[in-house]
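Participant: Need a 3D model of the sequence below.
(one chain, ligands or ions: 3)
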Amino acid sequence: MSSSAILPADHPTIATGKVGVLLVNLGTPDAPDAGAVRRYLAEFLSDKRVVEIPSLVWQPILRGIILRTRPQKSAHAYQQVWTPEGSPLAAITAAQARALQGRLGDAAIVRHAMRYGKPAVAGELDALIEAGCERILVAPLYPQYCAATTASVLDAMADWIKARRRLPALRTLPPYGDDAQTIATLHTDLSRQIAALDFDPEVLLLSYHGMPERTLFLGDPYHCHCRKMSRLLGDAFATSHPGMRLVTSFQSRFGRAKWLEPATDTVLLEEAGRGTKKVAIAAPGFSADCLETLEELAIRGKEDFIGAGGTHFAALACLNAGDAGMDLLESLVRRELAGWI
Ligand SMILES: C=CC1=C(C)c2cc3[nH]c(cc4nc(cc5[nH]c(cc1n2)c(C)c5CCC(=O)O)C(CCC(=O)O)=C4C)c(C)c3C=C
Ligand SMILES: [Fe+2]
Ligand SMILES: [Fe+2]
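Facilitator: Ligands and ions are numbered 1, 2, ... in the order given. Model (predicted):
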């Protein structure tokens, strides 16, 4: 009997057999204005993985105070780094997805999503299913595990799972900050950028996004993952740049609670105070440049350091969609797709 005899005439066409990769980063406003930043912050700061304060207490503070004041200030910061392609984080993440697609060819379909804002995780997973993906790798682009970032991406994936009938086989990219290739790639790329400077840094400051200190005592490995990356980079630079001191710090403190220390802005002032004149700063915990690296480090960090007596300051770029970063991402993704492609 032919299949047309047993299939209903309106049987939907179902694509099958493909492998998908979804790159996910944090998210960013659609525009550098207070309205767009307010919408973005409302979603981001309402995530219980990000602010671990009971909603009954936190939402009145968020709606009544923070969303009335911060969007204006943050919009001004975004305006200083905005590009013709939009927010740097959005443009770079899209470029990473395009470059990875070029490298994987027909082996997998690559898309990207933002945990907050657009393109949303659920919509992009739907698009991969529509395209026939029966196996999907979700790749949060965070080298270090943190509940506020990695687990939050997995929450978005879990919400999508719960709301769907037809599900693919799913894998997730583990944190990769202590991977030998990650360290080698960062060491080579940062060394290349340092060699191109017109000065030899006395200090290479490795600045990671901060977290409330209590998350460390609650069992989040983020702090240890950051420290481990710094130790491994320190070992690599001790051989290649024996005269350069590596210092670790945590940036972007938010709210009144105690955050991981030392704080990046404090370290910059202290270094200038102890006579350090030449500093390079890198953000190896960020896979893409964003507001936190381009405004907080490159603009405000420089003002702090030079204002306190430093003479030379350079903010080094993240791996972004450059060849070195894409070689790393391709090999991490191929490793996680083993047996699938
Ligand atoms: C309680 C508040 C915050 C926690 C916890 C937090 C953790 C965290 N964030 C990143 C990465 C990024 N954060 C970015 C921006 C940003 N972060 C916070 C607050 C917390 N982050 C705010 C309020 C903002 C928005 C800007 C501002 O108003 O200051 C970004 C950049 C986004 C962009 O659009 O460019 C990134 C990336 C990590 C890795 C992390 C925990 C480890
Ligand atoms: Fe943040
Ligand atoms: Fe630790």
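
Participant: On the three-state scheme, residue 243 is what?
Facilitator: Three-state assignment for residue 243 (DSSP: H, G, I helix; E, B strand; the rest coil): coil.

Participant: Just confirm it contacts residue 204, I think it does.
Facilitator: No. If you go by Cβ atoms under 8 Å, residue 243 and residue 204 don't touch, sitting 10.9 Å apart. Where you see a C-beta, it was placed from the backbone N, CA and C, and this is true even at glycine.

Participant: When these two are compared, which one has more neighbours?
Facilitator: With neighbours defined as other Cβ atoms under 10 Å, residue 243 and residue 204 compare such that residue 204 has more, 22 against 7.

Participant: Who are the contact partners of that one?
Facilitator: 190, 194, 237, 241, 244, 245, 246, 247, 279, 280, 281, 282 (Cβ atoms under 8 Å, 6 or more residues apart in numbering).

Participant: ok, of the residues you listed, which come out buried?
Facilitator: The neighbour-count test (16 or more other Cβ atoms under 10 Å) marks 190, 194, 237, 241, 244, 246, 247, 279, 280, 281, 282 as buried among the contacts of residue 204.

Participant: what's the closest of these to ligand 1?
Facilitator: residue 282 (14.7 Å; Cβ to the nearest ligand atom).

Participant: Quick check: buried residues in the helix or strand in which residue 94 is found?
Facilitator: Under the criterion of DSSP states H and E, residue 94 resides in helix 88-104. Neighbour counts over helix 88-104 (16+ other Cβ under 10 Å) mark 88-97, 99-101, 103-104 as buried.

Participant: Out of the residues you listed, which are close to ligand 3?
Facilitator: Near ligand 3, taking Cβ under 5 Å from the ion as the test, no member of the buried residues of helix 88-104 is found.

Participant: ok, those residues vs residue 226, which is closest?
Facilitator: Each of the buried residues of helix 88-104 was scored against residue 226 by Cβ to Cβ, and residue 89 proved nearest at 19.6 Å.

Participant: Let me know the average pLDDT across stretch 7-25.
Facilitator: Averaged over stretch 7-25, pLDDT sits at 93.
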